[in-house]
Structure formats: C-alpha cells, structure tokens
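> turn this into a structure:
(chains A, B, C and D)
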Protein chains: 2
Amino acid sequence: MFVSTYESAIDAKGRVSIPAPFRAELGGSTRIFLWQALDGSGCLEGGGEALMAMYRATLTRLAPQSEVRKVLVNRIIAGSADLKMDETGRIKLPEDLCKAAELEGRIKFAGNMDSFQIWNPEKHAAYNASMEAAAASPDVMAAFGRAYSEVLHQQGAGHYNGPKLVEGGEG
Amino acid sequence: MFVSTYESAIDAKGRVSIPAPFRAELGGSTRIFLWQALDGSGCLEGGGEALMAMYRATLTRLAPQSEVRKVLVNRIIAGSADLKMDETGRIKLPEDLCKAAELEGRIKFAGNMDSFQIWNPEKHAAYNASMEAAAASPDVMAAFGRAYSEVLHQQGAGHYNGPKLVEGGEG
DNA sequence: TAGCTGCCCATGATATTCCAAATTTACACA
DNA sequence: TGTGTAAATTTGGAATATCATGGGCAGCTA
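Residues are numbered from 1 along each chain as shown, chains lettered A, B, ... in the order given. Purely as a prediction, here's the structure:
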C-alpha cells in the first residue's frame, strides 16, 4: 500500500526521484504510469503495473461501447504516460503532465492506497487544509465508524476480536 | 488491546522508545504508523500493520470518489508516517508530526484499544481533566449502560449469564 | 552538430543498524 | 518483608548502509 507523504524535486534535467518506500511498493518493477487525477483536484495520479492490471480488468468489465468506459479509457489509458525508472529510481516527468499539474522545483508524493499522487506543494497544502477541516465533520466520522464496525463484524462473526491482519492487506 | 498510559521521552536525535506493553501488542511487527488524530484533539494516533490493514479494508468499502473517503485517505493514509522500530524498540518521530502535536522532551503514550495516542503531557492532563468531568454526566453513563447490555444480550442469548471472555478477546 | 535521452558513477546528507552502559523491573530466597 | 540476583528495558553514542541528487559520457534523433 502506498502510505505517507514525501517531498522530492525535479532536477535540471526534468528528473524526479520516486521515494524509496513507493519504489518498494512497486515490487521490483520499474514501470510507472502517470495520469491526471480524475477528480479535478489538479494533481497527477500514478501507479505501477499491478494497478494498471487492476484498471484493465475493471474497464474490461464495463460494456464495450458504454460512455463510462470510453471516458475512463480516454482518461486513464490514453491519458497515461508509460514511464521507466532508471537505476537510481528516477523518472522523467513528461512536460504536458507537469504543466497540467503545475509542477516545477519541489513536489509532493502522497500515498493513496493502491496508487499515489504527485502534487504541487502549495496546492497540496491547500488540499490538506480543506481535508483537515472536513475531517472534523460528524458525518465523516460517523461514516467511518459505520464502515469500520462492518469490517470488524465481517472478520469476527459478530463480536469484537480486535483488529486482525486482513487477508491481502499487505504483500 | 492497547491499554494504560506510559511516559516516555524524545532523545537528542528525535528517537522515542515505544513502551514495552505496546510493542508486545504489535505482535512482533516492527512497523508503526503515526498520524494526527482526526478529532482535532491535537495528539498523534498510531498503530501497527493490523490496524492499518483494518483501515484499508474500511476505506475500500467507501465509494471511490466519495468526499468521505477522500478526506479519510488524506488524513490517515497520506497523512501517516510509515515508521520502523529499531532493535531496541525505538522510532524516530518525524518533525512535522512533533510540531503539529507540540511534542518535545517528555511525552505520554495512551492506550486507545486498537490504536494508541501520543500526547504532549500538559495537553494530556487537560484532556484527562475534561474527560473526568464529562464522565460524571448521566448521559455518558446511560449510553454506556445501554451498549453494555446489548453486548451482554448478544453474548448470552438474551438473558444475563455474567460477562464472558469473548472468543479471542485477548492473546 | 546540437539537443535529448538513457545509463553510470560520485558525493553529501540522512536514516538505519549495531554496540554498550545505565536503569528499572521481576523473581527467588532468606 | 527485605535483599540479592537475574532479566528486561531504556538510554546514549558510534559505525554502517541507504537514499536523493548532481554531473559525466555515449548513443540516438532531428
């Protein structure tokens, strides 16, 4: 799972070091896919071969000529950059994606479970602030609490046994 | 279950010993996650791989582009530090988290069932005082009583048999 | 030939691991 | 109940490994 947030930088040659923990998460593969986040937040989203395989399987389930499928294939498949890390764990960010996400100089890598995000630091700070404010909402905590107890019930057949390592939770 | 409260200290290099009972609770794993508590109380919250696996399962249940999920992924997944204990059970607290929770010198570890909290001692004392005052409220005790008898019913098939050790309740 | 790209090595900073001393805690025995 | 011994834990510091980053060089492309 891609967890935590790391800072990195674009060097003079347009190269970026992928944080080591994220590299480890790619399981030895050096192929990285990058595209613009679908939610309009202005960051890039990325992942490795495992994620792309999941997306492929997911998109294949959608009806071939459905509008939904066409949109998602366009945004994620056609819109992706297909990059290869060098020996020291760096990739070269394509200019169009940098421009779209307003990336230059220092950037932020943020874990997003199965994928990660790449942010302009100022935008990321603003995003964090809005998320922090939203987290205080009772609705958010209530929804989280409901989902958490559902997971507990599922695991423990009705009564509380404490958290367990969920199957497939990590590699 | 993470129980009780322990005091510890941050050394000159920013390292902190995890209290031995909490270490035992991590079940041999040396990976620790730390993030800012969602409730705005100003402490850090932490747990091990089991808790993070639970959170992952929980977040996966929420609709992918829902606001609730985005908020929680931001706060818990992206907002977590992914730390590794050394041989003697210490972690290095990231500076940004220390700053956010006003941690320096001595700190408090407080058990929180599935997770634990890390507090600035003065803040913790103030929190304790407010909790002690609130515990006297009839509403609190009433809610506790209701929940307690629900659990009893669930365990004892409808009538009171005295409390039981729930299967797997402790190790 | 100029610029871009991929590949490689060098280096400083940071993080991790290892070792050892000091302190606390637990236990057995008188 | 007090004391001595052993074990575990906490603490401090140094050696080592890892990582991010800058730059060099060759090959390809336009």
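
> okay, CA-based contacts and neighbour counts for the rest of this
Will do.

> can you list the buried residues in the helix or strand bottoming out on mean pLDDT in chain A?
Using mean pLDDT, DSSP states H and E, helix A:138-156 stands out as the lowest-scoring helix or strand of chain A, at a mean of 89. Using 16 or more other Cα atoms under 10 Å in any protein chain shown as the test for burial, helix A:138-156 gives A:140-141, A:144, A:147-148, A:150-152, A:155-156.

> who are the packing partners of it?
Under the contact criterion of 3 or more Cα pairs under 8 Å, 6 or more residues apart in numbering or on different chains; DSSP states H and E, helix A:138-156 touches helix B:49-61, helix B:67-72.

> nearest to DNA strand C, of those?
Among those, the nearest to DNA strand C by Cα to the nearest atom of the strand is helix B:49-61 (15.8 Å).

> mean pLDDT and mean neighbour count added to the helices and strands packed on helix A:138-156, as TSV?
Putting these into TSV (pLDDT from 0 to 100; neighbours: other Cα atoms under 10 Å in any protein chain shown) gives the following:
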stretch	mean pLDDT	mean neighbour count
helix B:49-61	94	21
helix B:67-72	95	20
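
> A:L38 belongs to a helix?
No. Assigned with DSSP: H, G, I helix; E, B strand; the rest coil, A:L38 falls outside any helix and is coil.

> I'd say it and A:R75 touch.
Yes. In this structure, A:L38 is within contact of A:R75 by Cα atoms under 8 Å, at 7.4 Å.

> for chain A, what spans make up the strands?
With DSSP state E as the criterion, chain A has strands at A:5-9, A:15-17, A:31-36, A:44-47, A:81-84, A:90-92, A:106-112, A:115-119.

> closest to B:K164 out of these?
strand A:106-112 (40.2 Å; Cα to Cα).

> elements contacting that closest one?
Against strand A:106-112 (3+ Cα pairs under 8 Å, 6+ apart) you get strand A:5-9, strand A:115-119, helix A:121-135.

> among those, which is nearest DNA strand D?
Each of those has some distance to DNA strand D by Cα to the nearest atom of the strand; the shortest is strand A:5-9, at 4.2 Å.

> in the closest one, which residues are buried?
Applying a neighbour-count criterion of 16+ other Cα under 10 Å, one finds A:5-6, A:9 buried in strand A:5-9.

> stretch A:95-114 too?
Per 16+ other Cα under 10 Å, stretch A:95-114 contains these buried residues: A:97-98, A:101-103, A:107-114.

> and it, how far apart are its ends?
25 Å (Cα to Cα, to the nearest Å).

> and for stretch A:40-52?
Start-to-end, stretch A:40-52 (Cα to Cα) is 20 Å.

> so what touches that stretch?
Residues outside stretch A:40-52 that contact it (Cα atoms under 8 Å, 6 or more residues apart in numbering or on different chains) are A:26, A:29-37, A:97, A:100-101, A:114-120.

> and that stretch, how far out from the chain middle?
Computed by Cα atoms, centre = their mean, to the nearest Å, the chain-centroid distance of stretch A:40-52 equals 5 Å.

> hmm, back to that, which among the contacts of stretch A:40-52 count as buried?
For the contacts of stretch A:40-52, buried by 16+ other Cα under 10 Å: A:26, A:30, A:32-37, A:97, A:101, A:114-120.

> of the residues you listed, list those near DNA strand D.
Among the buried ones among the contacts of stretch A:40-52, no residue lies close to DNA strand D (Cα under 7 Å from any atom of the strand).

> what residue ranges in chain A score low on pLDDT?
A:156-161, A:167-171 (pLDDT under 70).

> quick check, the residue in it closest to DNA strand D?
Using Cα to the nearest atom of the strand, A:P19 is the residue of chain A that sits closest to DNA strand D, at 3.4 Å.

> tell me which residues touch that residue, please.
A:6, A:8, A:109.

> contacting DNA strand D as well, which ones from these?
Within the contacts of A:P19, those near DNA strand D by Cα under 7 Å from any atom of the strand are A:S8.

> related to what we said a few turns ago, show me the subset of the buried residues of strand A:5-9 that also lies near chain B.
Contacts with chain B are made by A:T5 out of the buried residues of strand A:5-9, judged by Cα under 8 Å from any Cα of the partner chain.

> from A:G48, how far off is the residue nearest to A:E104 when sequence neighbours are not counted?
Leaving out its chain neighbours, the residue that sits closest to A:E104 by Cα to Cα, 6 or more residues apart in numbering or on different chains is A:I10, at 6.4 Å. Distance, A:I10 to A:G48, using Cα to Cα: 20 Å.

> didn't A:A147 look like it was pressed against B:R61?
Yes. Between A:A147 and B:R61 there is a contact under Cα under 8 Å: 6.8 Å.

> would you mind listing what in chain A touches DNA strand C?
Going by Cα under 7 Å from any atom of the strand, the residues of chain A near DNA strand C are A:13, A:86-88, A:92.

> do that again at 10 Å, thanks
Within chain A, the positions near DNA strand C by Cα under 10 Å from any atom of the strand are A:12-15, A:20-21, A:30, A:82-95.

> near chain B, which of the residues you listed show up?
Within these, nothing lies near chain B by Cα under 8 Å from any Cα.

> so how do I select the buried members of these in PyMOL?
To isolate the buried members of those in PyMOL, using 16+ other Cα under 10 Å:
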select buried, chain A and resi 14+15+30+83+85+90+91+92+93
